[in-house]
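A.B. asks: Below is the sequence, then the predicted model.
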Amino acid sequence: MKVNPVRIGLMGCGEIAAKAAVPAIQATEWAQVVATMDTKIDLARDLAEKTGAAFHTDDADALVAHPEVEAVIISAPHFLHVPLGIKAAKQKKHVMVEKPIATTMKDARKLVETCRKQRVKLSVAYVKRTALDSIKAAELIRKGVLGKLTGFSLISMSEKKESYWSGGFTGRVKTDWRTKRATAGGGYLIMNFTHNIDMIQAMLNLKPRSVFAQYDTFRTKVEVEDYVSVVVRYTNGAIGTFLGSTICPGRFGAPDHIYGTHGTVVLGNPLKVFTRRKIDGLKPDEWNEIEVPKNNSRADLIENFARAIRGKGKLAVTGASGCTSLEVIEAAYRSQELGRPVVFK
Ligand SMILES: NC(=O)c1ccc[n+]([C@@H]2O[C@H](COP(=O)([O-])OP(=O)(O)OC[C@H]3O[C@@H](n4cnc5c(N)ncnc54)[C@H](O)[C@@H]3O)[C@@H](O)[C@H]2O)c1
């Protein structure tokens, strides 16, 4: 079958665009970069050269007005996701935005509503959703390996170098947006944990009932948190525990554990499953290890976005579902301000 690739304009040509978005687009025949934009023109030119895009600019209006551009991928500081997304949607361009969709739910809803009114697709780059280990785990959980879900523990204790706060992991862009609440929306929780919260809630089809959080900035000279602990009670009774940090000496990344009355699932490759039940050829009452093929989940997500634009299938991450982790994150920050759990109506 001959594919008609979706013509993409990149908005923001910093670290993630160069490191991940461009290689992912190049890995799928369903999308191609035709234009690039960054307020730092050198970065826009660099990615135009790397992708063969004929047009580069430092003007967002020019990018979204460009007749060749059908969709944009926004890889800019968090506080700019919504204004840039709305700008693109108003020009009838489809939008994929980096995570988080916004820094507040109020802004996120504005973007979702604008894209709905303009009849353009909106997706959020939650790349864990298309990772094959989470897809396989979701399938086994649907088949009943856990019994009744009791909860999960997601622990991610990283140690980010001081240089991260002024230049990310690669130093491609000198900037301080990651250090401030107004531009980043927060620290580890909204910057990194948003992926894990999104993935687990989507996988287990969870809706939060209440959120309690404590966080602090223990060591880093920034406004945003460098250590955070969150407990979420879901409407089905399950209790989710999240613990994350950017200042853990020695770093400690425990795999994500999901618990039920009859089983435990440990995400990763191999996927580990312990179940008391006879399901899907798994040996009951012992640990089963399941090898999962490795995929380029970002390329798969971009392909899914492009195919949905071409009317071939549904979005893996819609704008509305891309808000669900932000709902919890916003409540977590509020919880500490209030000194009590935030309960959803
Ligand atoms: N760096 C990572 O590993 C990583 C991983 C996953 C997701 N992300 C997400 O990607 C997004 C961008 O992060 P990053 O690490 O690439 O940041 P970055 O600072 O390296 O790049 C952001 C780019 O946006 C540009 N920019 C600023 N204002 C702009 C505007 N008005 N219009 C267009 N471009 C503008 C900057 O000049 C910069 O080049 C964030 O949402 C981040 O959470 C980053």
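C.D. replies: Thanks, I have the structure now. Residues are numbered from 1 along each chain as shown.
A.B. asks: Show me which residues of the stretch 1-150 of the chain sit near the ligand.
C.D. replies: Taking CB under 6 Å from any ligand atom as the measure of proximity, the stretch 1-150 of the chain contacts the ligand at 11-17, 37-40, 43, 60, 75-78, 80, 84, 98-99. (C-beta placed from N, C-alpha, C; glycine too.)
A.B. asks: Would you mind listing which of those are buried?
C.D. replies: The neighbour-count test (16 or more other CB atoms under 10 Å) marks 11-17, 37-38, 40, 43, 60, 75-78, 80, 84, 98-99 as buried among these.
A.B. asks: Just the ones in strands from those residues, please.
C.D. replies: Within those, residues falling in strands by DSSP state E are 11, 37.
A.B. asks: which residues touch the closest residue to residue 286 other than its chain neighbours?
C.D. replies: Among residues not flanking residue 286 along the chain, residue 274 sits closest, at 7.0 Å (CB to CB, 6 or more residues apart in numbering). Residues in contact with residue 274 (CB atoms under 8 Å, 6 or more residues apart in numbering) are 263, 264, 265, 285, 286, 287, 288.
A.B. asks: Regarding residue 274, which helix or strand does it belong to?
C.D. replies: Element membership of residue 274, judged by DSSP states H and E, is strand 271-275.
A.B. asks: Just give the strands next to whichever helix or strand comes after that strand in its sheet, each with its orientation.
C.D. replies: Per DSSP H and E, the first helix or strand lying C-terminal to strand 271-275 is strand 287-290. Here strand 287-290 is paired, per DSSP bridges, with strand 271-275 (antiparallel).
A.B. asks: And the residue of the stretch 151-300 of the chain closest to the ligand?
C.D. replies: Residue nearest to the ligand within the stretch 151-300 of the chain: residue 173 (3.9 Å; CB to the nearest ligand atom).
A.B. asks: where does the stretch 101-250 of the chain have low pLDDT?
C.D. replies: In the predicted model of the stretch 101-250 of the chain, no residue satisfies pLDDT under 70.
A.B. asks: Identify the residues contacting the residue nearest to residue 37 when sequence neighbours are not counted.
C.D. replies: Closest residue to residue 37 apart from its sequence neighbours, by CB to CB, 6+ apart: residue 63 at 3.8 Å. Residue 63 makes contact with 9, 11, 35, 36, 37, 57, 69, 72, according to CB under 8 Å, 6+ apart.
A.B. asks: and of those, the nearest to the ligand?
C.D. replies: residue 11 (4.9 Å).
A.B. asks: confidence score at the residue nearest to residue 286?
C.D. replies: Note for residue 274: predicted pLDDT of 98.
A.B. asks: Pairing partners for it in the sheet, please.
C.D. replies: Beta bridges link residue 274 to residue 264, residue 287 when assigned by DSSP bridges.
A.B. asks: same question, residue 73
C.D. replies: residue 10, residue 96.
A.B. asks: Would you map out the domains in this protein?
C.D. replies: For the chain, the structural domains run 6-127+300-314, 129-295+325-343, going by automatic domain parsing.
A.B. asks: Ranking those by mean neighbour count, which comes first?
C.D. replies: Per residue and on average, the most neighbours among the domains of the chain fall to domain 6-127+300-314, with a mean of 21 (mean count of other CB atoms under 10 Å).
A.B. asks: Could you work out the end-to-end span of it for me?
C.D. replies: 15 Å (CA to CA, to the nearest Å).
A.B. asks: before we move on, what about stretch 15-33?
C.D. replies: 16 Å.
A.B. asks: Check stretch 289-303 too.
C.D. replies: 29 Å.
A.B. asks: Phi and psi next, for the residue in the stretch 1-150 of the chain that the ligand sits nearest to.
C.D. replies: Closest residue of the stretch 1-150 of the chain to the ligand, CB to the nearest ligand atom: residue 14 (1.9 Å). Backbone torsions of residue 14, given as degrees, to the nearest 10, read phi -90, psi -140.
A.B. asks: Quick one: residues contacting it.
C.D. replies: 38, 43, 75, 76, 168, 172, 173, 175.
A.B. asks: what does stretch 17-34 rub up against?
C.D. replies: Residues outside stretch 17-34 that contact it (CB under 8 Å, 6+ apart): 3, 5-10, 43, 46-48, 50-55, 66, 68-69, 71, 73, 75, 125, 169-170, 172, 296, 298-303, 305-307, 310.
A.B. asks: can you list the residues of the stretch 151-300 of the chain near the ligand?
C.D. replies: Within reach of the ligand by CB under 6 Å from any ligand atom, the stretch 151-300 of the chain has these residues: 168, 169, 172, 173, 175, 191.
A.B. asks: Residue 160 versus the last one, what's the distance?
C.D. replies: Plainly put, residue 191 is 10 Å away from residue 160 if you go by CB to CB, to the nearest Å.
A.B. asks: With the fourth one instead?
C.D. replies: In this structure, residue 173 lies at 16 Å from residue 160, with CB to CB as the measure.
A.B. asks: now the first one
C.D. replies: Applying CB to CB, one obtains 10 Å for the distance of residue 168 from residue 160.
A.B. asks: packing partners for the longest strand along the chain?
C.D. replies: Assignment by DSSP E gives strand 149-159 as the longest strand of the chain. Helices and strands touching strand 149-159, by 3 or more CB pairs under 8 Å, 6 or more residues apart in numbering; DSSP states H and E, are helix 194-204, strand 239-245, strand 247-252, strand 257-260.
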